[in-house]
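> prediction below, plus the sequence it came from.
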Amino acid sequence: YLYMINNNKDLRVIRTACPAHCGIDCCGILAHMKDNRVVKLEPADFPDENDRRICLRGLSSLEITYHPDRIKYPMKRIGERGEVKFKRITWDEAYDTIISKFKRISEDYGWKSIGWVLGGPGSGTTKFGAYLRLASLTQSTRVSAWGYGDAGLPCGSRVIFGHQFPYMHLFGEFWQRKWPDLLVIWGSNPAETMPLQTMRKVLDAKENGTQVVVIDPRFTVTASKADEYIGLKPGTDSAFALGLMHVIFQKRIYNPEFVREFTNGSYLVRTDTGKFLRGKDIETKKENVYIIWHEPTDSYKVMRRSNVKEACLSGSFKVNGIECKPALQMLEDLTLQYTPKKTSEITGVQVDLIIKLAEKIATTKKVVFYTHMGFTRTYHGDISLRGLITVASITGHVTTSFSSGYMPAILNWDPFLKAIPEKPSFHRMGILNLYDAVISEKPYPIKAVWFAFINFLNQCANSNKIINEFFPKLDFIVQTELFITPTARYADLLLPVCSFLEFSDFLPHPYPYLQLQQKVINPLYESKSDATIVAELAERLEFGEYFKGGEEGLIDLIIDHPLLKGVSRESLKKGAVKLQPLPEGGNFPLSFRTPSGKIELYAEQLVEDGEALPVYLPPIEAPISPSEKKYPLALINGHSRFRTHSMFANVQSLLDLSPEPIVDVNPSDAEKRDITNGDIVTVYNDRARTTLKARVTEGVKPGVLDITEGWWIEQFREGSLNHLTHDIINPVQDKIYEPNMHMNDVAVELMKYKEIEK
């Protein structure tokens, strides 16, 4: 969409959009051009003027496009991996090399031994979908980054909701600016880590009377705007949730109507096996039906929609000689040990704050729980999420329908897969499982990896293991990149990709908008978009018919979705298109794809693992109480407003504001180690040591260190953040979906740099 500004014929403005650098919300952008060069970026209009915003990262994107260190042409490694010795080659040579390597590996090990490792930041719909389509056509392995990017959140959400996106159930109408009475921001810092629209909504809600509570181990920028801040020890969220539920149960202020209708809390559980009582246990005609205790008749009945509203939620019952309790009673029994005093000892939260928040959540009419991934980046992060959702569920604060629009199935890239006749399936592997597949060749060997929009070495756990054990076992490494990142240094083949101003993509964000990331300038140097690279490679693999039209064809594939009737590429060029709301009074019921079809307060599938209820299990490594342990400090990693993971870490205007990595240390911990503000210190454990500058601050709790993630390895004086982290797999998460990385579950010690040298 081109138009003139102030009759200046030399200046053109094109509307595009920032491709989800900082989450799922994408800011609209007006790119000002002069002499075929972009000279300025500014926020574009939205149908709702409140959404017209842009952050420092978006504004500084020009420095990425015109950065002197961009990879300008395909390059092939000629030295040892990590030496950064590359030779310029042509695109034809690059494709020939890939085809040759892939052919040999597929003949020796099968196509599933080729893995596509796809990240998230800056990944639009079509370029991500293009990789998924090629992975399906070749039946190779798609390596999912959910366990890295979204941590334990998808796993926990699958257990309790039946799918991996809990947001639609928790945020409710908050997205539509229908403000709640109480907003609980749990383990998230939207002021720095999410798009500006999100924090603006938080502040707008507060200005309209919403009370805001923030629960976080750090006193964040978001916490500074809250009415109440609750600081707890890292990894104790599920204990805190159980403490809240203890108060709610003891005061009988839970929501029985909601529990009966939308959860499995009324279903009888056998106390001998921990399994639900089923029809087959009492010889009814239908073997797998659930059984309830019917309050009016004081007898057991097969659960039906007509009688579940009269089911008992508490008590102990005997059915044909089998001792049973409702699932909610099992939950209440678990919470008995988590008195406010006990919960306070575990979490570090004051007793009165626990009681006060529990009462407020249960007695407030409209409550929204806002969360994202941070507090689930622990070994038991999935249980932490389940604890939060269970608090919301027993008090009736889970959204069960949308009343003003619904996001169609374009978020899960279905159009790219369903449009393939008799679609073959790609193999799927979690990113932590990839370590074993490469190093131990279990469950099957991965011999080649293609990294796309992910800085794997820099961002994933246990960097030393990646360098010393993972990379040496791979036969072939391809990286599509803008820069020679820490990961790119180890690639065998580097392919230059475009910045977002140089190609088009479809962005179904921010909800409820659709946007076009419109190409503003032609690709610089010899760079290509990921979608173009995949399409050209597919042509050589004889799959070209599935990528006709390149990125434009892939955009049309999405726009053909039946729920996008009336939307066209031309309409999107003019601006954001708002999803059609449902008729007044209508709603779109949100289903729970769980075994019971309801919110699973009690997860039968995890009985043998001891996690049928959201139990509290201490962090696997991070210490939560003062001790004489070898490594007595808990290391966490927050996110910076100046980066999205490792993106923007080399942008000079942002480095001027935040020039180097620092570790935040509580004054009490600093004093014990004779550390003052600005000292050079070393954080260390058995895996590695990392040297950087200390900042002494009350912003972290005693016993906690915080290093913001995303700094490139070479920006540390020694080591890096992820040299300190571990890659231990949680087998329960592995069983459910995929294990998550535990960057906030790490034990370390801290010492002055000079002292550790001695």
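Yes, it's here. Numbering: from 1, shown residues only.
> residues contacting Glu709?
Residues near Glu709 by C-beta atoms under 8 Å, 6 or more residues apart in numbering: 459, 637-640, 645, 721-722, 743. Every residue, glycine included, has its C-beta placed from N, CA and C.
> most neighbours, which of these?
When neighbours are counted by other C-beta atoms under 10 Å, Asn722 leads the contacts of Glu709 with 29 neighbours.
> and that residue, how far from Met741?
Asn722 sits 9 Å away from Met741, going by C-beta to C-beta, to the nearest Å.
> and for Thr390?
Counting by C-beta to C-beta, the gap from Thr390 to Met741 is 24 Å.
> returning to that earlier point: narrow the contacts of Glu709 to those in helices?
Mapping these onto helices (DSSP state H) picks out Gln459.
> adding pLDDT, write the contacts of Glu709 out as TSV.
Formatted as TSV, those follow (pLDDT from 0 to 100):
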residue	pLDDT
Gln459	94
Asn637	93
Gly638	90
His639	88
Ser640	90
His645	89
Leu721	97
Asn722	97
Met743	90
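> looking at the contacts of Glu709, which one is closest to Leu432?
Met743 (11.9 Å; C-beta to C-beta).
> and of the contacts of Glu709, the nearest to Asp530?
Nearest to Asp530 among the contacts of Glu709: His645, at 17.2 Å, using C-beta to C-beta.
> just list the residues touching the closest one, thanks.
119, 121, 455, 459, 639, 709-710 are the contacts of His645 under C-beta under 8 Å, 6+ apart.
> repeat that for Ser60.
648, 651, 653-654.
> surely Ala694 and Asp669 touch.
No - Ala694 is beyond contact range of Asp669, at 10.0 Å (criterion: C-beta atoms under 8 Å).
> who's more crowded, these two?
For Ala694 and Asp669, the more surrounded residue by other C-beta under 10 Å is Ala694, and the numbers stand at 24 against 19.
> okay, now the domains of the protein?
75-148+411-499+522-566, 166-404+594-606, 633-757 (automatic domain parsing).
> before we move on, the earlier item: give me the common contacts of Asn722 and Met741.
Counting by C-beta under 8 Å, 6+ apart, the residues touching both Asn722 and Met741 are 460-461.
> show residues contacting stretch 259-268.
Applying C-beta under 8 Å, 6+ apart, the external contacts of stretch 259-268 come out as 276-277, 290-293, 300, 303, 308-309, 311-313, 317, 319, 324-328, 331, 393-394, 396, 398, 400, 592, 594, 596, 598-602.
> quick check: longest helix of this structure.
Max-length helix for the chain by DSSP H is helix 91-109.
> which parts of it are buried?
94-95, 97-98, 101-102, 105-106, 109 (16 or more other C-beta atoms under 10 Å).
> tell me the average confidence for it?
For helix 91-109, mean pLDDT rounds to 98.
> helices or strands up against that helix?
strand 75-77, strand 114-118, strand 448-452, strand 476-481, strand 493-496, helix 530-540 (3 or more C-beta pairs under 8 Å, 6 or more residues apart in numbering; DSSP states H and E).
> quick one: name whatever helix or strand follows the longest one.
Sequence-wise, the next helix or strand downstream of helix 530-540 (DSSP states H and E) is helix 550-559.
> same deal with the second one?
Scanning the chain past strand 114-118 towards its C-terminal end, the next helix or strand to appear is helix 125-138 (assignment: DSSP H and E).
> beyond that following helix, next helix or strand please.
strand 141-144.
> what about that following strand, distance to the chain center?
Put simply, strand 141-144 sits 16 Å off its chain's centre (C-alpha atoms, centre = their mean, to the nearest Å).
> which other residues reach it?
112-118, 131-132, 135, 426-431, 434, 446, 449, 738.
> buried subset of these, written for ChimeraX?
The buried residues among these can be selected in ChimeraX (16+ other C-beta under 10 Å) with this line:
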select :112,113,114,115,116,117,118,131,132,135,426,427,429,430,431,434,446,449,738
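> so what sits against both of Ala694 and Asp669?
With C-beta under 8 Å, 6+ apart as the test, Ala694 and Asp669 both reach Leu750.
> what sits against Ala504?
For residue 504 the amino acid is Ser, not Ala. Contacts of Ser504 (C-beta under 8 Å, 6+ apart): 126, 516-519, 551-552, 555.
> so for Pro512, which of the domains of the chain sits nearest?
Here domain 166-404+594-606 is closest among those (C-beta to C-beta), at 7.0 Å.
> quick check: end-to-end length of stretch 642-658?
End-to-end distance for stretch 642-658, by C-alpha to C-alpha, to the nearest Å: 7 Å.
> rewinding a little: of the contacts of Ser504, buried ones?
Here, 16+ other C-beta under 10 Å leaves 126, 516-519, 551, 555 buried among the contacts of Ser504.
> redo those as TSV? Include pLDDT.
Shown next, in TSV, are the buried ones among the contacts of Ser504 (pLDDT from 0 to 100):
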residue	pLDDT
Thr126	85
Leu516	91
Gln517	92
Gln518	94
Lys519	95
Glu551	87
Ile555	88
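> strands of the stretch 601-750 of the chain, start to end?
Taking DSSP state E, counting those that start in this stretch as the criterion, the stretch 601-750 of the chain carries its strands at 633-636, 662-665, 680-684, 689-696, 704-707, 746-752.
> turn these into CSV, columns for distance to Phe543.
What follows is the strands of the stretch 601-750 of the chain, written out as CSV (distance: least, C-beta to C-beta, whole Å):
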stretch, distance to Phe543
strand 633-636, 44
strand 662-665, 48
strand 680-684, 48
strand 689-696, 44
strand 704-707, 43
strand 746-752, 43
